[in-house]
Every structure is written in structure tokens, then in C-alpha cells.
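Trainee: any chance you could fold what I've pasted below:
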Amino acid sequence: MNARVLSQVQTAAALCLNKVELVIPSYQRPYVWPSEDVVGLLDQIINACMTGEDHYYIGTVLTSRIPHRTGSSAAITYELIDGQQRMTTLMVLALAFFEISPTQRLKDLAVLGTTPRLVFAIREEVQTQLGIWAGLIASEQSTDLEKKPYLKHLIAAHKAAKDRLQMLSKDHGPVWLAAVEEFLFNQVKWVNNVMPADMDLNGLFATLNTSGIQLEQTDILKARLMDKIVHHRACYEGIWQACEDMDNYFERSLRRVFPEAAWDRMKFPNLESYSREIFSLERPVEGRGNGLTIAEISLKRVPRNETDPASSEETDDDENDEGSVQSIISFGLLLMHTYRIYRHRQWGKDIGTPLNDSRLNSCFEGFVDNASVAQAREFIECLWQVRYQFDLWIVKWVRLAEEKEKHLRLTTINKRTVGKLSASRAPELHTPDLAQLQSVRYFTGDRSAQYWLTPFLGALIDNPTMNSNQVDALLERIDNQLSIIPDTSTQKTASFVLLSGDCVSSEHLSHKIAYLKEPNGTGFEHYWFQKVEYILWRERHKLGCFQKESLESYRIASRNSVEHVHPQNEEFMNRLEDDYLHSFGNLVLLSPGENSSYSNQAVLKKQADFRAKPRYDSLKLAHMFYVLGKGEDWGREQIERHRGEMIEMVEAHYLR
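Mentor: Numbering: from 1, shown residues only. As a prediction, this is how the structure comes out:
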């Protein structure tokens, strides 16, 4: 086999210059990125542009050069083996830009000749939809497109990207919109690894999607830190391995790594910080195997559980009682939060780079070059403390055995002993306020950073005996202050100030209240809708507008589509003046699917649909429809009253 792999850095500009066509082969799955991940990627690109970054990498793709299609205008045609989700998302972003600010540049990215640059081998409806968005094909007037399995995620992603770009244009003007467009075209980069022509591409694709074997940035960082440590190195390698298993609970990972510890004599608080007397290893800890080369991967398929101890089937019988779990952040990002906390303790200075695990090793570069043995150990011991508090107080994606979808949940812990701790985690029966507020932060903040975690975890480490009410108050204080920082500051800067327990420089609350009084329509920041959801949840027992049964299953979730309760184009042509139509009092935040289900129906029809559902789409919407339940219409007076009540609740929450 010719094992040479050609690697090249590519940009959108390079695709256009070289007339490159990308083909999605038939064995690839449909486009599945959720709209919040699309917005998350777009936010990272916007942030990289606004902070003056030279470039932004979106990862690596694997391709193979193939003959041109009949009638194609391409000079080069690549078949995408791995990376179609990212490349499809890139095209969706280009088409969203083109619709918001029609320029030839990003249309050139999405179109090659007279057809879309991205070609789906067997999915004509996807190809047609890309052509419609690019203006190559007349639009099909259909209301059922969102229900088609190959289109639903694509359409939701396109709408979410458009909404975010409209918000960017409204908040920062066309100059910044053009700047981000230019950045996406020239500075967003990826590595294209072109496979040898004689490689079994189907076999390689299957192997890549089952082996899970690769050398992560975290592995490189681990190796460099461990080079600093000679004595008790096995212990610190063990700490690292227990901490990096983010899709399991910390105490379970510890039991696997330190099986000789006196587990039957420990209480849960013994896990709060590392003790070499309790957790000791004299032998090298077994970790993941080294990464394989592309040639090795192509020749051998390795079952995941043969190389990854975390995937071993030899687990405690009760371990998976509560179903599968998944962390809200990567291990790389946890390391960066830990490093900020460690730096604050040591030197009082923040890291220089924005938080993004793609920058992990550059972030640690100076530290690993100059750290002493003691500092390397102290950092890893700090990582233990962070991971303990993370699993104690931070939500995880949890799917119970009887559920189809994962939800953000906290878990309760049996603190009697650690002896059977592998079976002692249970999801909270009733969603606590803390989980709902973390959901607000998670879904509305910078997904690549989650800056709120640094001050939150730092305070938990400094005050490990806080009870749940105190922890609730801590996160509310952090959330409130991060939500009203002035435009001259950043979430990164403010979150590091909060790590000291200090108050950040903030706008007066009256500025945000004035903002909520404006008729901003779909331009409203999504955060304020989610924040109102949290406040309504927090005050739910004091309000008389909610049904107990519907509340029990309600969760703050990913929503990014602003719905006009009184529609902009109401089916019976009843119209409202723009000041009322686009008022915060006439708007709710829903998922794209929920939004499309209500469509342009009259308000009373929407109310009937809402009440027929087993759970609430939105507490704000429930508050609105409670008015109609008393025989009132939904008009100017009701919109003004609802807006006033929501603003009063926001003011009271911040001034408590």
C-alpha cells in the first residue's frame, strides 16, 4: 500500500481559487449537528474575529481525490471520508451570510459553477435545499420540510445561523458583519488529509468511527507534565487518568485507578483533595494506548474496549443504574479552567488566550517549559480538587434507562460510605434551581469556554462546606454580574475578577431594563428569555399561573428561535403596530420545531396547542396564556402588562 498521506491547510478562499468540489459519499450518515452547536461554532468564529486572532481552526478532515462528476465545473474533486458535518456546517454558515448580507464572496464558497459546491451523492432533497438557499433553484413552498429526516437538522441549523447573524448586525452593525464574513472566508482554516488512492475508504471510515484511538492534545500535555515528576509519578498519572474520564463519575474512576485504597473506611469528603497516604500507586497506571498511524488504522480494526479501560465491560453491576452520562465540557476545557484557578492562587494573573480546548497546549506552553517539580504536582492536585467539585455540583447530560434523550441533571450522592459509591449516584427527582440556572449559562454562554465555571469552581474549592442554598446564591451572584458587564469588558476578564470574590465593573441595571423595553423583536439577546425562564421557575410556587403536572417535567433547554405570540402574519390578517408586535411582552424563545408548530396561527389556536402538550414549551408562554384562560384577548394591553410584569421580576431578582 502507498502509505503517503498528503496534508494541506485549506480555507474557503482556497476552495474557491482552486475550484474544489466536495462530495459526500453514500455511506455517510445524514447531517445531525444540533442548531446550538452550529451557533456555538459561529460564536467562536465571531469571537476569534473580534479579538483579532490570526486564524481559527475547525479541525481536520479526511478526503480522497476522485474523478470529476459529469458536467462538474471542478478542477479538483474530493470525497469526504471524515468531516462532512463540519464542511456542511461551513456551507450552511456561508448560505446564511449570503441571505443576511448578499455578497458574491460567500456565495462563491457555496456555489461552484451552477451547482452547490457540496455534493450529496444520493440525497437529492438536500442538494435541492442547498440550491434554493443559494438562489440557484426556485423556492418550493412546503411547510413539511422540517419533518424530512435528511433536512430537519439542516433547516434548523440554517435558521439558527441566520438569527445569530441578524443579532450580530443589529448589535454591531454592518461593518462587523462584513469583518466576520471576511474572516470566515480567509482565516477559518482546517487541515485536509488526502488519503492514498489505493486505500479501502469504506474500511477506513468504519474504523475511524469505531476505534476511538487518537493522540489528543491532553495526552501531549500529560506527557510533558509527567516528564517533570520523578518520585511518585505513578500516583500523578493515576490522578490524571481518573480526572480525564469525563463521561463517568469521579469516584468511580478513582476506584478503578486506585483499587487498593481503603474504600470501605472512607467517607465521601475524603475525596475532596488528594492524599498520597490514602491514594497511592507504586506501579505505572494503565492508560490509553498510543495513537496509531493512518496506515496502521487502515490495516487493523481495534475494538474500543481493548484499548480504552474506560470503555471496558468489566464494570460494577450497579454502575449504570442511572443510565449513560456525558460531561458538558471536554477534559481539555476542564484543564484550562483548572489552570486559571491555579494561576490565580499562585500569581493572581489570568491566562492570555481565550478558553478553547483547541488552544490547550499553546495555553500551557510557558508553564510546562518552566514549571518546577512542585508546581507540576500542585497543578495536578488542583485538578483533583476541581474535578471533585465539578462532579459534585455541575450538571451532566444524563439519560435514564427508560428515556430516549439525555437531559441536563444534577445527581444526589449517598454520603454514608464510599464502599458502594459506584451505585450511589441517583438523578434528582425534582429539578433543582441550581440545575436550571446552569442550563441558562450553558445554553446562552460561549459554548467553547463556559467562563462562569472558573469563578464557580474556584469558590467551591475555597469553601467546600457550602450547603445547596449557599451554592445557589453563589451561582446567582456570578450569573447576575456576568450578565451586565459593559461592552468594554469581556466574559473572560469578568470571570477572573469574580474568582477573587470581587464585584466586576458593570452597567447599571437600568440600562438592561431600558433594553428590554425596546421593540427589538428577533434581535433580543436569547439570554434574557432564558433568564426570565429561570426567574419564573425560581418563583413558581409564588405564582398562580402554572399547572403542577406540567411543571414537574419542565426543563430549561436549548432554544434559539424567537416566536411572536401574536404572529407577524396572522392567519386572519389581524395586525399589530410594530412597537407591540416586536415587544418583549409578545415574544418567547422556543426551539425551531416548537416555533414552526405554532406558525402563523391565531393566538387562541396557539393556546389550544400549547395546553394539549404534556409539558410546557416555555414558562413565559404559560404566563401569557394564563391571561387568555381568564377570558381576555391577547392585544396591546395584555402585551404591555406582561412585559411590565417580566421586567419587574427581573429587577427584583437583581436587587435581592
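Trainee: which parts of the chain belong to which domain?
Mentor: Annotated domains of the chain cover 6-211, 217-310+317-498, 509-655 [automatic domain parsing].
Trainee: same list (those domains) but as TSV, adding mean pLDDT.
Mentor: Shown next, in TSV, are the domains of the chain (pLDDT from 0 to 100):
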stretch	mean pLDDT
domain 6-211	84
domain 217-310+317-498	84
domain 509-655	92
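Trainee: could you dump those to TSV with mean neighbour count?
Mentor: The C-beta positions use only the backbone N, C-alpha and C, and glycine is treated the same way. What follows is the domains of the chain, written out as TSV (neighbours: other Cβ atoms under 10 Å):
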stretch	mean neighbour count
domain 6-211	18
domain 217-310+317-498	17
domain 509-655	17
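Trainee: distance between the helix or strand M87 falls within and the chain's centre?
Mentor: Per DSSP states H and E, M87 falls inside helix 84-100. The chain centre lies 18 Å from the centre of helix 84-100; the measure is Cα atoms, centre = their mean, to the nearest Å.
Trainee: beyond that helix, next helix or strand please.
Mentor: Once the chain leaves helix 84-100, the next helix or strand it forms, by DSSP H and E, is helix 104-110.
Trainee: packing partners for that next one?
Mentor: Helices and strands touching helix 104-110, as assessed by 3 or more Cβ pairs under 8 Å, 6 or more residues apart in numbering; DSSP states H and E, comprise helix 12-17, helix 84-100, helix 152-186.
Trainee: contacts for the shortest one?
Mentor: For helix 12-17, the surrounding residues in contact (Cβ atoms under 8 Å, 6 or more residues apart in numbering) are V20, L22, L90, A94, L106, D108, L109, R117, L184, F185, N186, V188.
Trainee: check the residues you listed and tell me the two furthest apart.
Mentor: L22 and N186 (18.5 Å; Cβ to Cβ).
Trainee: and Q470, what does it touch?
Mentor: By Cβ under 8 Å, 6+ apart, Q470 lies in contact with N463.
Trainee: can you name the element that comes right after the strand or helix carrying it?
Mentor: Q470 belongs to helix 468-483 when elements are defined using DSSP H and E. Later in the chain than helix 468-483, the nearest helix or strand by DSSP H and E is helix 491-498.
Trainee: tell me the angle that next one makes with helix 468-483.
Mentor: With axes from the mean of the first three to the mean of the last three Cα atoms, to 10 degrees applied, the angle from helix 491-498 to helix 468-483 works out at 140 degrees.
Trainee: helices or strands up against the following helix or strand past helix 491-498?
Mentor: Reading on from helix 491-498 to the C-terminus, the next helix or strand found by DSSP H and E is helix 509-516. Helices and strands touching helix 509-516, by 3+ Cβ pairs under 8 Å, 6+ apart, are helix 636-655.
Trainee: the helix it packs on to helix 468-483, inter-axis angle?
Mentor: Using the same axes, to 10 degrees, helix 636-655 lies at 110 degrees relative to helix 468-483.
Trainee: alpha carbons of helix 636-655, as PDB, please.
Mentor: Provided in PDB are the C-alpha atoms of helix 636-655 (Å, rounded to 0.1, in the frame of the first residue of the first chain):
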ATOM      1  CA  ARG A 636     -51.900  45.800  23.200                       C
ATOM      2  CA  GLU A 637     -53.000  46.000  26.900                       C
ATOM      3  CA  GLN A 638     -52.000  42.400  27.600                       C
ATOM      4  CA  ILE A 639     -48.600  42.700  25.900                       C
ATOM      5  CA  GLU A 640     -47.800  45.800  27.800                       C
ATOM      6  CA  ARG A 641     -48.900  44.200  31.100                       C
ATOM      7  CA  HIS A 642     -46.900  41.000  30.500                       C
ATOM      8  CA  ARG A 643     -43.800  43.000  29.600                       C
ATOM      9  CA  GLY A 644     -44.100  45.100  32.700                       C
ATOM     10  CA  GLU A 645     -44.500  42.100  34.900                       C
ATOM     11  CA  MET A 646     -41.500  40.300  33.400                       C
ATOM     12  CA  ILE A 647     -39.400  43.500  33.800                       C
ATOM     13  CA  GLU A 648     -40.500  43.900  37.500                       C
ATOM     14  CA  MET A 649     -39.400  40.300  38.200                       C
ATOM     15  CA  VAL A 650     -36.000  40.800  36.600                       C
ATOM     16  CA  GLU A 651     -35.500  44.000  38.600                       C
ATOM     17  CA  ALA A 652     -36.500  42.300  41.800                       C
ATOM     18  CA  HIS A 653     -34.200  39.300  41.100                       C
ATOM     19  CA  TYR A 654     -31.100  41.600  40.600                       C
ATOM     20  CA  LEU A 655     -31.800  43.800  43.600                       C
END
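Trainee: show me what it is packed against.
Mentor: Packing contacts for helix 636-655, counted by 3+ Cβ pairs under 8 Å, 6+ apart, involve helix 509-516, helix 526-538, helix 578-581, helix 619-629.
Trainee: select, out of the ones you listed, the one closest to E549.
Mentor: helix 619-629 (12.1 Å).
Trainee: now P455. Nearest residue, chain neighbours left out?
Mentor: In this structure, P455 finds its nearest non-sequential neighbour in L498, 3.7 Å apart by Cβ to Cβ, 6 or more residues apart in numbering.
Trainee: cool, and L184?
Mentor: Leaving out its chain neighbours, the residue that sits closest to L184 by Cβ to Cβ, 6+ apart is I45, at 5.9 Å.
Trainee: which strand or helix spans the one you found?
Mentor: Assigned by DSSP H and E, I45 falls in helix 35-50.
Trainee: could I get that helix in PDB with only the CA atoms?
Mentor: Only the C-alpha atoms of helix 35-50 are listed here, as PDB (Å, rounded to 0.1, in the frame of the first residue of the first chain):
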ATOM      1  CA  SER A  35     -28.600  24.100  15.900                       C
ATOM      2  CA  GLU A  36     -27.000  25.200  19.200                       C
ATOM      3  CA  ASP A  37     -23.700  23.600  18.100                       C
ATOM      4  CA  VAL A  38     -23.900  25.500  14.800                       C
ATOM      5  CA  VAL A  39     -24.400  28.700  16.700                       C
ATOM      6  CA  GLY A  40     -21.600  27.700  19.100                       C
ATOM      7  CA  LEU A  41     -19.200  27.400  16.200                       C
ATOM      8  CA  LEU A  42     -20.300  30.700  14.700                       C
ATOM      9  CA  ASP A  43     -19.900  32.400  18.000                       C
ATOM     10  CA  GLN A  44     -16.300  31.000  18.200                       C
ATOM     11  CA  ILE A  45     -15.600  32.400  14.700                       C
ATOM     12  CA  ILE A  46     -17.100  35.800  15.600                       C
ATOM     13  CA  ASN A  47     -15.100  35.900  18.800                       C
ATOM     14  CA  ALA A  48     -11.900  35.000  17.000                       C
ATOM     15  CA  CYS A  49     -12.500  37.800  14.500                       C
ATOM     16  CA  MET A  50     -13.400  40.400  17.200                       C
END
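Trainee: so which elements touch that helix?
Mentor: strand 56-65, helix 84-100, helix 152-186.
Trainee: who touches it?
Mentor: Applying Cβ under 8 Å, 6+ apart, the contact partners of helix 35-50 are 55-56, 58, 89, 92-93, 153, 156-157, 159-161, 164-165, 168, 176, 179-180, 183-184, 187-188, 354, 356, 443, 446-448, 558, 560, 592.
Trainee: at 7 Å instead, please
Mentor: Applying Cβ atoms under 7 Å, 6 or more residues apart in numbering, the external contacts of helix 35-50 come out as 56, 89, 92-93, 156-157, 160-161, 164, 168, 179-180, 183-184, 188, 354, 356, 443, 446-448, 558, 560, 592.
Trainee: can you check stretch 443-452 too?
Mentor: Stretch 443-452 is contacted from outside by 36, 40, 43-44, 47, 329, 333, 354-356, 441-442, 478-479, 482, 491-492, 495, 526-527, 530, 558, using Cβ under 7 Å, 6+ apart.
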